[in-house]
Every structure is written in structure tokens, then in C-alpha cells.
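Colleague: Quick one, structure for this:
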Amino acid sequence: MKRSDSIEYRIGTHYLSAIINNDYTGLSDEEEGALEEFEYQVLCDTPVGYEFGHFSPSDTEAEFGPCEVCGLMANVVPVTAIYWSKET
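Modeller: Alright, predicted model coming up:
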């Protein structure tokens, strides 16, 4: 079994500080709610035999496209959810 697995998401750049540094400064209550729902979905997407570890942002430049957090068009970047194997 692989020691880790991953799923890539495309999210608005304004959410990065919240998911990487747990800093929600500047997000509206509505944006925080959307991010909480997204984080819950990431947990639901966890592959069988794995547990969520952390998010890893990409060094890729932002491009205009649909944000998987809010569903609106925004400057988005790829962010990878890393999942760790429950087996040692």
C-alpha cells in the first residue's frame, strides 16, 4: 500500500491563508462557511485506508477559473490535499 495519496483541488487565492495558516482574517462569514463546507468535503473524499494530513499549495501562478470552494470564478491555484496511510 502507498504511504500517501493525494487529490488536487483548485481554490481561490484568497482562501490560501485560511487553509495553510489557519488565518481567516479578511474572509467574510459567508466565505468562512463555504470554506468549512469545502474542508468537510475534503474529509469525505478521503481514500479508504487513509486519513487527511494537510493541504499543500502549488507554486503555479494563479489563473482565472472556477473556485471549488465557492463555485464562483476567481483567481485560482491548485492545492493538493495529502492523505496518509493508516497502516505503518
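
Colleague: could you point out the longest strand in the protein?
Modeller: strand 73-85 (DSSP state E).

Colleague: Counting by contacts, list what that strand packs against.
Modeller: strand 4-12, helix 16-21, strand 50-57, strand 63-66 (3 or more Cβ pairs under 8 Å, 6 or more residues apart in numbering; DSSP states H and E). For glycine as for every other residue, the C-beta is placed from the backbone atoms N, C-alpha and C.

Colleague: tell me which residues in the longest helix anywhere in the chain are buried?
Modeller: In the chain, with assignment by DSSP state H, the single longest helix is helix 29-44. Within helix 29-44, the residues that count as buried by 16 or more other Cβ atoms under 10 Å are Glu31, Ala34, Leu35, Phe38, Glu39, Val42.

Colleague: circling back to that earlier point, distance to Trp84, mean neighbour count and mean pLDDT added to the helices and strands packed on strand 73-85, as CSV?
Modeller: Output for the helices and strands packed on strand 73-85, formatted as CSV (distance: least, Cβ to Cβ, whole Å; neighbours: other Cβ atoms under 10 Å; pLDDT from 0 to 100):
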stretch, distance to Trp84, mean neighbour count, mean pLDDT
strand 4-12, 5, 16, 95
helix 16-21, 17, 16, 94
strand 50-57, 5, 15, 94
strand 63-66, 28, 12, 97
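
Colleague: Tabulate those in CSV, adding columns for distance to Glu87.
Modeller: CSV is the format used below for these (distance: least, Cβ to Cβ, whole Å):
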stretch, distance to Glu87
strand 4-12, 12
helix 16-21, 27
strand 50-57, 9
strand 63-66, 35
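
Colleague: what about these, which gets the closest to Pro78?
Modeller: Between Pro78 and the helices and strands packed on strand 73-85, the tightest spacing by Cβ to Cβ is seen for strand 4-12, at 5.2 Å.

Colleague: the inter-axis angle of the closest one versus strand 50-57?
Modeller: 40 degrees (axes from the mean of the first three to the mean of the last three Cα atoms, to 10 degrees).

Colleague: Could you spell out the sheet neighbours of strand 4-12, each with its direction?
Modeller: strand 73-85 (antiparallel) (DSSP bridges).
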